[in-house]
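J.: below are the sequence and a predicted model for it; my questions follow.
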Amino acid sequence: MQYIKAPMNYIGNKYRIMGQIQKWFPRNVDLMVDIFCGGCDVTFNTKAREHIANDINFFVIDIYKEFQQLGIAQAIKQIDRTINEWKLTKENKEAYERFREYYNRTKNPIDLYVLMCFSFNYQFRFNTAHEYNNPFGKARSSFNDVMRENLMKLQGSIEQIRYTSCDFREFDYSLMKTGDFLYADPPYLLTCGSYNDGKRGFKGWGEQDEKDLYEILDMLSEKGIRFALSNVSHHKGEKNDILLRWRKSRKYHMHKINFNYDNCNYHTRNSNNLTQEILITNY
């Protein structure tokens, strides 16, 4: 199956393991809610009559809303125009830094997308004042042909998605009914995602967040709403006991996913410190 790649390289995206997790997804879904949607790789590739994509990172959500409002063709024209006007290239660090300063004053979502395209590792990173602070991606980052093509592939599908931005505890779950499906890919307690340390300009993720999510998933399950939760059970010699005890007590199903974290900045090369990604389902 050919999957759609989101037009941004969002940290923690599931594009490379889409086939592994989606084989466990339910069929014939009316409403699919992607409650930690990130770059939306899972949203774009999950069949449902209706989609809601939510993330606390309103910067990313605003980009997708702008793509919807402008239309993909017009958005690409605006991206190209901005790149030309600001003379952005893989080598022009000064232009990038001027443009970053301009964005932090104006906060235009399309400008943020362009800025991300030329930043180090294509990351969305903000300081506590919500100013974009990712450095220049010299000789590597740009709005390349692959990203352009990925963006063009969204034409005809992105228009059908409802985007929201709130904490997962504040989402209106009354919108969901028996037979609907929720996918949850929260920050992981055990792994190296920068979203865990609050460095994206948003608060980190701790044990209480984890427990609050489990309570919501239990509530949905009791109402006959199907869910799938991505997480890791083991990482760098540690075990997520909270996750495993909860899964066992509720008798939810656990599926092992083959995923390699070798590209993680904090990955340890010790073969004994294996990472086990899992998918937990209630059906």
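T.: Great, that's in hand. Residues are numbered from 1 along each chain as shown.
J.: tell me where this protein has helices.
T.: 18-22, 41-45, 58-70, 72-85, 93-106, 109-117, 145-152, 207-222, 241-250 (DSSP state H).
J.: which one of those lies closest to residue 7?
T.: Closest to residue 7 of those is helix 145-152 (Cβ to Cβ; 3.9 Å). Where you see a C-beta, it was placed from the backbone N, CA and C, and this is true even at glycine.
J.: quick check: angle from that closest one to helix 72-85?
T.: 150 degrees (axes from the mean of the first three to the mean of the last three Cα atoms, to 10 degrees).
J.: got any ranges where the stretch 51-200 of the chain has weak pLDDT?
T.: Applying pLDDT under 70 to the stretch 51-200 of the chain flags residues 192-200.
J.: longest single strand anywhere in the protein?
T.: strand 226-235 (DSSP state E).
J.: just checking, what packs against that one?
T.: strand 181-184, helix 207-222, helix 241-250, strand 276-281 (3 or more Cβ pairs under 8 Å, 6 or more residues apart in numbering; DSSP states H and E).
J.: state the mean pLDDT of it.
T.: Here strand 226-235 scores 96 as its mean pLDDT.
J.: now the angle from it to helix 207-222?
T.: Going by the same axes, to 10 degrees, strand 226-235 makes 150 degrees with helix 207-222.
J.: check the offset of strand 226-235 from the chain's centre.
T.: 15 Å (Cα atoms, centre = their mean, to the nearest Å).
J.: listing partners with orientation, what would you give for that strand?
T.: strand 181-184 (parallel), strand 238-239 (antiparallel), strand 276-281 (antiparallel) (DSSP bridges).
J.: pull the CA atoms of it into CSV?
T.: Written as CSV, here are the backbone C-alpha positions of strand 226-235 (Å, rounded to 0.1, in the frame of the first residue of the first chain):
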residue,chain,number,x,y,z
ARG,A,226,-12.4,1.7,20.0
PHE,A,227,-8.9,3.0,20.6
ALA,A,228,-5.3,2.3,19.7
LEU,A,229,-2.5,3.7,21.8
SER,A,230,1.1,3.9,20.6
ASN,A,231,3.8,3.8,23.2
VAL,A,232,7.0,2.0,24.3
SER,A,233,7.2,-0.6,27.0
HIS,A,234,11.0,-0.8,27.3
HIS,A,235,13.7,1.7,26.5
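J.: before we move on, the earlier item: output the strands paired with strand 226-235 in JSON lines; the columns should cover mean neighbour count and distance to residue 217.
T.: Converted to JSON lines, the strands paired with strand 226-235 look like this (neighbours: other Cβ atoms under 10 Å; distance: least, Cβ to Cβ, whole Å):
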{"stretch": "strand 181-184", "mean neighbour count": "23", "distance to residue 217": "7"}
{"stretch": "strand 238-239", "mean neighbour count": "14", "distance to residue 217": "20"}
{"stretch": "strand 276-281", "mean neighbour count": "21", "distance to residue 217": "9"}
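J.: would you format those strands as JSON lines with distance to residue 60 included?
T.: Converted to JSON lines, those look like this (distance: least, Cβ to Cβ, whole Å):
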{"stretch": "strand 181-184", "distance to residue 60": "16"}
{"stretch": "strand 238-239", "distance to residue 60": "29"}
{"stretch": "strand 276-281", "distance to residue 60": "22"}
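J.: mind listing what the residue lying closest to residue 86 once chain neighbours are set aside touches?
T.: Among residues not flanking residue 86 along the chain, residue 99 sits closest, at 4.7 Å (Cβ to Cβ, 6 or more residues apart in numbering). Going by Cβ atoms under 8 Å, 6 or more residues apart in numbering, residue 99 touches 86, 88, 111, 114-115, 118.
J.: most neighbours, which of the residues you listed?
T.: Neighbour counts for the contacts of residue 99 peak at residue 118, which has 26 neighbours (criterion: other Cβ atoms under 10 Å).
J.: list the buried residues of stretch 151-170.
T.: 151, 153-154, 158, 161, 163-165, 168 (16 or more other Cβ atoms under 10 Å).
J.: pick the most buried one from the helices and strands packed on strand 226-235.
T.: Ranked by mean neighbour count, the helices and strands packed on strand 226-235 are led by strand 181-184 with a mean of 23 (mean count of other Cβ atoms under 10 Å).
J.: what would that one look like as CSV? C-alpha coordinates only.
T.: Extracted C-alpha coordinates of strand 181-184, given in CSV (Å, rounded to 0.1, in the frame of the first residue of the first chain):
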residue,chain,number,x,y,z
PHE,A,181,-12.1,5.2,16.7
LEU,A,182,-9.5,7.2,18.6
TYR,A,183,-5.8,6.9,17.9
ALA,A,184,-3.4,8.2,20.6
